[in-house]
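[1] this one's structure only:
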């Protein structure tokens, strides 16, 4: 869009708050106060800083149980650990979920993210 003087107008955006109040018992309640962050920080902080430097991309097959299908574990992982995930393939049914996943980031951080997924009950197998 242009203003009457011929200059382009700068669009304005309204920033939405990141945190908001969530009613107990609502669908969003489990995401409002995740309990896994302290455990994840503990895993990540145990990794020596010198080993956190090399960026790699590693592929895995993830198998989710029926109870884990409903939980946004990949979102939680990506917000807890400094990794980028790329879903290469996925098949989700009522009883099982299979995901072909590529994780990119520092090798030790990826290892910590995988350890966290396993701790959450996800079966993780590397792709060879």
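    Looks like it arrived, so ask away. Computed from a predicted structure; not experimentally measured.

[2] Output the longest helix belonging to the chain.
    If you go by DSSP state H, the chain has its longest helix at helix 107-119.

[3] Tell me which residues touch residue 127, please.
    In this structure, residue 127 makes contact with 59-61, 100, judged by Cβ atoms under 8 Å, 6 or more residues apart in numbering. Glycine gets a C-beta too; all of them are placed from N, C-alpha and C.

[4] mind running it again at 7 Å?
    The contact partners of residue 127, taken as Cβ atoms under 7 Å, 6 or more residues apart in numbering, are 59-61.

[5] can you pull the buried residues of the longest helix of the chain?
    Across helix 107-119, burial judged by 16 or more other Cβ atoms under 10 Å covers 107-117.

[6] go on, stretch 118-128?
    In terms of neighbour count (16+ other Cβ under 10 Å), stretch 118-128 has its buried residues at residue 122.

[7] my read is residue 121 is in a helix, agree?
    No: counting by DSSP: H, G, I helix; E, B strand; the rest coil, residue 121 falls outside a helix, being coil.

[8] so it makes contact with residue 63?
    No: in this structure residue 121 lies outside contact range of residue 63 using Cβ atoms under 7 Å: 9.9 Å.
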